[in-house]
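Student: pasting the structure only:
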């Protein structure tokens, strides 16, 4: 069976490339995979990947942009937006637990932060936007939670949101080194500190 050329690939190839690249990014980091890795796994020639994503910079930016779209869609879903602050916080924890359930995969921010200075500028900008929007959303959840008495913490909602997100990102990295136990302990501590 011959390898399909870029022009003969199915319309879904672009998504398949993006899915695999995201998986490899979260598993290995952005600088630890190449178009050759993608081509081999997908059974295509590297030219097919270049057809859809002319450079790895384009591919990396597309991954972060897609994650940003997912974040915006997720936070605006009625099943998230209409929840109480405690339930919204639990919904966020479920996202991180989902990463844990995928072979202790780290989150997007955790996968890219260490390599940030080597990332292309558009990818850096998208990652900053992703992190800012997630932090702002969580800060709003925390502010409403404290105002209604559902959550408790000291300091500003923005500072607490940044601390929580940094803690969750780090917890996934610790789980990768050890097992799920430290992650569960850390999440338990967050709940203990925030829930009244």
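Tutor: Done, it's in. These figures come from a predicted structure and were not determined experimentally. Numbers count the residues shown, from 1 in each chain.

Student: Now do the contacts for residue 67.
Tutor: Neighbouring residues of residue 67 by CB atoms under 8 Å, 6 or more residues apart in numbering: 22, 108, 130. Heads up, the C-betas are built off the backbone N, CA and C, glycines and all.

Student: List the residue ranges of this structure that fall below the pLDDT cut-off.
Tutor: The chain contains residues with pLDDT under 70 at 1-11, 103-104, 196.

Student: so what's the residue most central in space within it closest to, chain neighbours aside?
Tutor: Nearest to the mean C-alpha position of the chain, by CA atoms, centre = their mean, lies residue 108 at 3.2 Å. Distances taken as CB to CB, 6 or more residues apart in numbering put residue 67 closest to residue 108, at 5.1 Å, once the chain neighbours are dropped.

Student: And for residue 131?
Tutor: That would be residue 109: by CB to CB, 6+ apart, it lies 5.7 Å from residue 131.

Student: show me what contacts residue 162?
Tutor: By CB under 8 Å, 6+ apart, the residues touching residue 162 are residue 135.

Student: Beyond whatever helix or strand it lives in, next helix or strand please.
Tutor: Per DSSP states H and E, residue 162 falls inside helix 157-177. Downstream of helix 157-177, the first helix or strand assigned by DSSP H and E is helix 180-194.

Student: now for that following helix, which elements pack on it?
Tutor: Secondary-structure packing of helix 180-194 (3 or more CB pairs under 8 Å, 6 or more residues apart in numbering; DSSP states H and E): helix 85-101, helix 157-177.

Student: The nearest residue to residue 130 once chain neighbours are set aside - how many residues pack around it?
Tutor: Counting by CB to CB, 6+ apart, residue 130 lies nearest to residue 68, which is 4.7 Å off, once chain neighbours are set aside. Neighbour count for residue 68, taken as other CB atoms under 10 Å: 18.

Student: ok, now residue 122?
Tutor: Residue 122: 15 surrounding residues under other CB under 10 Å.

Student: now swap in residue 50 and tell me
Tutor: If you count neighbours by other CB under 10 Å, residue 50 ends up with 16.

Student: before we move on, which element is it in?
Tutor: Per DSSP H and E: helix 46-52 holds residue 50.

Student: buried sites along that helix?
Tutor: Buried residues in helix 46-52, counted by 16 or more other CB atoms under 10 Å: 48-52.

Student: Check which helices and strands it sits against.
Tutor: Checked by 3+ CB pairs under 8 Å, 6+ apart, helix 46-52 has helix 13-28, helix 35-42 packed alongside it.

Student: tell me which residues in the first one are buried?
Tutor: Meaning helix 13-28. Across helix 13-28, burial judged by 16+ other CB under 10 Å covers 13-14, 16-18, 20-27.

Student: Same question for the last one.
Tutor: By neighbour count on 16+ other CB under 10 Å, the buried set for helix 35-42 is 35, 37-39, 42.

Student: Sort out which one of those lies nearest residue 143 for me.
Tutor: residue 38 (42.0 Å; CB to CB).

Student: so what's the closest one up against?
Tutor: Contact analysis of residue 38 by CB under 8 Å, 6+ apart lists 17, 20-21, 24, 46, 49.
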